[in-house]
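*Asks:* What follows is a predicted structure for the sequence shown.
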Amino acid sequence: MLLPLIAGLLVFAVYPSIYVLALSFTKSTLGQPFKSWIGWGNYRWLTIGGDDIFAPSLLRAALFSLGVALVELWLGLWLASLLASLKRSGRLARSIMLLPLMTPPVLVGVAWKLLLAPGGGLVNGKLLAWGLIDAPVSFLGAQPWAMLSIMVADAWQWTPFVAILAYAALRQVPDDIVEAALLDGASDSVIFWRILLPLTAPLLLTIFILRLIMAFKTFDLLYILTFGGPGASTNMAGFTIWRTALRDFDVGTAAAQTVLFAIFVSVVVLPLLWLHRSLEERAS
Amino acid sequence: MTPTAIADWNRYADKHRKLWRVVRVPLTGAAAAGWPIAMRILSLLAFGLYLGFFLLPIAFLVALTFKTRDEVLLGRFLTGKPTLENWWKAFEFIDLTGFIGHSLLIAAASAILTLIVATPATYAVTRLRHGEFAGSLALSSYIAPPIVALLPLFFLMRVFGLLNSFAGMILVYGFMNAPVAYWLLRGFIEKIPAALDEAAWIDGSGFFNTFRKITLPLLAPGMVATGLISLILSYNEFLFASLFAQDEAVRGLTVAISLFQGDRFVNFGQMAVASLAGILPIYLIALLFQNRLVGGLTAGGVK
């Protein structure tokens, strides 16, 4: 019964890891992998420094991921508690919220690119019409707008996902606990901060970790919206690796960057997973 | 109503719900006691704004499809003289139906493959406590960014001649989504009482037979949800497709759109038509199966 999954994992998880690790010690191109072994050559920037592309893009990926995951958790939790208080209109709201989540990220990028375009975009058109700006703003061509635009598009797509999960988490809190607190005269904010939040903390942390992991994978939005620009200012690690491999054709260096990226993601995510485990143990 | 009154009312409601359809007063959120009416209205307003924010990009795409090139540049939402030209021109410029068809074919076949790979394995791990290392490996492989697998799979597929083929893409997506499916199915399997399996075992049914006759029928709704989510994930995927399936004969929608939007001769209206046409199949699935999908999403994340 396990065989297909294990075969799949061997091909899709074990083999790539080993292959990339081996590749990172070689000089390789797309046409000719494993041209020659060069030892630590691809990691050299680690020791001598002088890398102004990859290291910043790692940091940017981390800031972006933590940023969007936090904002989406906050907005999603708020949406979820509103959703819990709506009754009949809640169904319609839920249907609408499903749509961003289902939209292919490439098309999310296209939609936001058209909305934000300097000529013909709705945002610029309205801002000009209301007299808030004198000339169109190039949202995707200037910082900090470019980064913010990517974050807005990401939040558009994934906040509903967080809201749906957070809604399910909130509903797991037994009603009688809340009722008891209400009978004792607890206010709404006390109920939220002292009862709902602590009881759902492990689940909310799960949602946060899930979003964090997914945000580290962001590629499509970047590809469509800014292609890493202006300059290299919205390059994030995954996209930098892609560029190194498929634009500069330096597969060896890309492999080394991939290894470092994977380690980096684990270093960020693992402590959260440990925290999650200890929270769950304390709860049970 | 005071909190005490609400609690009393709800107790009454619980008792008589079946007979009289008495409605409970929700205790959490905006409707909880102590919220002034003004705050409730404000929060509903904010909610409305937020829904507007969700609809805005899609609504703008719809509006764009009816605009000529000159109308687009005005940056307005609505147009005075709508045209349908973009619709037939977009379908003329690129083979939209073909690309959407490729995407759907690959996504549907890979979703079935995902289920075939993940269902028995999930059952083995969660019920039979067999091969738990495979389970944790599946979960941890989800943490790794897909870019890790991009180059190794590219070289592997080139060796086997699977680049630019339907079989290659179906295999890639089928296995790519197996960890997610494992995660989702685990939630569904844990909801089926283990006593059912045990009863069957005691009556002399083998492990495989029990799985086929007892678990599979009960798991069907969960499998539908998992299959749909896998289908959508494959349909939406771009990174692997952009390297493994560039050829027009297998090119899927996301790659086609990414190439289309880089084209200088394309105007916004046609771009919007192509995007909407690409989103449509997924939205239809989402609306038809929304309860299944929500159940599937929450089964994995929140147990």
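*Replies:* The structure has been received and is ready for your questions.

*Asks:* Now do the buried residues in whatever helix or strand B:Thr119 lives in.
*Replies:* Assessed by DSSP states H and E, B:Thr119 sits inside helix B:96-126. Going by neighbour count (16 or more other Cβ atoms under 10 Å in any protein chain shown), the buried part of helix B:96-126 is B:96, B:99-100, B:102-104, B:106-111, B:113-115, B:117-126. Yep, even glycine has a C-beta here, placed from its N, CA and C like the rest.

*Asks:* and if you look at stretch A:223-231?
*Replies:* A:223-226, A:228-229.

*Asks:* okay, the residues you listed in TSV with pLDDT, secondary structure and distance to chain B next?
*Replies:* Compiled in TSV, the buried residues of stretch A:223-231 are given as follows (pLDDT from 0 to 100; DSSP: H, G, I helix; E, B strand; the rest coil; distance: Cβ to the nearest Cβ, whole Å):
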residue	pLDDT	secondary structure	distance to chain B
A:Tyr223	93	helix	7
A:Ile224	93	helix	7
A:Leu225	93	helix	11
A:Thr226	92	coil	13
A:Gly228	86	coil	14
A:Gly229	79	coil	14
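
*Asks:* returning to that earlier point: give me the distance between the helix holding B:Thr119 and the centre of its chain.
*Replies:* How far helix B:96-126 lies from its chain's middle: 12 Å, per Cα atoms, centre = their mean, to the nearest Å.

*Asks:* List the contacts of stretch B:170-182.
*Replies:* Stretch B:170-182 is contacted by residues A:5, A:8-9, A:11-12, B:106-107, B:109-115, B:117-119, B:121-122, B:125, B:135, B:138-139, B:141-142, B:146, B:149, B:153, B:157, B:162, B:226, B:229-230, B:233-234, B:237, B:240, B:244, B:300 when judged by Cβ atoms under 8 Å, 6 or more residues apart in numbering or on different chains.

*Asks:* Let me know the average pLDDT across it.
*Replies:* The pLDDT scores in stretch B:170-182 average 93.

*Asks:* Show me how far it is from its chain's centre.
*Replies:* Offset of stretch B:170-182 from its chain centre (Cα atoms, centre = their mean): 14 Å.

*Asks:* Just want the residue of the stretch 51-200 of chain A that's nearest chain B.
*Replies:* Ranked by Cβ to the nearest Cβ, the top residue of the stretch 51-200 of chain A for proximity to chain B is A:Gly125, at 1.9 Å.

*Asks:* so which helix or strand takes in the nearest residue to that residue once chain neighbours are set aside?
*Replies:* Leaving aside its sequence neighbours, A:Gly125 sits nearest to B:Gly75 (Cβ to Cβ, 6 or more residues apart in numbering or on different chains; 1.9 Å). Here B:Gly75, judged by DSSP H and E, is contained in no helix and no strand.

*Asks:* before we move on, what about the one 5 residues further on?
*Replies:* With elements delineated by DSSP H and E, B:Gly80 resides in a region that no helix or strand encompasses.

*Asks:* How about A:Phe139?
*Replies:* Assessed by DSSP H and E, A:Phe139 sits outside every helix and strand.

*Asks:* Tell me what angle the helix or strand harbouring B:Ala195 forms with helix B:96-126.
*Replies:* In this assignment (DSSP H and E), B:Ala195 forms part of helix B:194-202. Angle between the axes of helix B:194-202 and helix B:96-126 is 70 degrees (criterion: axes from the mean of the first three to the mean of the last three Cα atoms, to 10 degrees).

*Asks:* Tell me the buried residues in helix B:194-202?
*Replies:* By neighbour count, with 16+ other Cβ under 10 Å as the criterion, the buried positions of helix B:194-202 are B:197, B:200.

*Asks:* And for stretch B:166-179?
*Replies:* By neighbour count on 16+ other Cβ under 10 Å, the buried set for stretch B:166-179 is B:166, B:168-179.

*Asks:* Including secondary structure, could these go into JSON lines?
*Replies:* As requested, these are exported to JSON lines (DSSP: H, G, I helix; E, B strand; the rest coil):
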{"residue": "B:Phe166", "secondary structure": "helix"}
{"residue": "B:Gly168", "secondary structure": "helix"}
{"residue": "B:Met169", "secondary structure": "helix"}
{"residue": "B:Ile170", "secondary structure": "helix"}
{"residue": "B:Leu171", "secondary structure": "helix"}
{"residue": "B:Val172", "secondary structure": "helix"}
{"residue": "B:Tyr173", "secondary structure": "helix"}
{"residue": "B:Gly174", "secondary structure": "helix"}
{"residue": "B:Phe175", "secondary structure": "helix"}
{"residue": "B:Met176", "secondary structure": "helix"}
{"residue": "B:Asn177", "secondary structure": "coil"}
{"residue": "B:Ala178", "secondary structure": "helix"}
{"residue": "B:Pro179", "secondary structure": "helix"}
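
*Asks:* out of the residues you listed, who's nearest A:Gly238?
*Replies:* B:Met176 (15.5 Å; Cβ to Cβ).

*Asks:* Is the helix or strand containing A:Val152 positioned near chain B?
*Replies:* A:Val152 is located in helix A:145-171, with elements delineated by DSSP H and E. Yes: applying Cβ under 8 Å from any Cβ of the partner chain, one finds helix A:145-171 touching chain B at A:156, A:160-161, A:164-165, A:168-170.

*Asks:* Columns neighbour count and pLDDT on top of these, output as JSON lines?
*Replies:* JSON lines is the format used below for these (neighbours: other Cβ atoms under 10 Å in any protein chain shown; pLDDT from 0 to 100):
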{"residue": "A:Trp156", "neighbour count": "21", "pLDDT": "94"}
{"residue": "A:Pro160", "neighbour count": "25", "pLDDT": "91"}
{"residue": "A:Phe161", "neighbour count": "22", "pLDDT": "91"}
{"residue": "A:Ile164", "neighbour count": "25", "pLDDT": "88"}
{"residue": "A:Leu165", "neighbour count": "26", "pLDDT": "89"}
{"residue": "A:Ala168", "neighbour count": "21", "pLDDT": "85"}
{"residue": "A:Ala169", "neighbour count": "23", "pLDDT": "86"}
{"residue": "A:Leu170", "neighbour count": "23", "pLDDT": "85"}
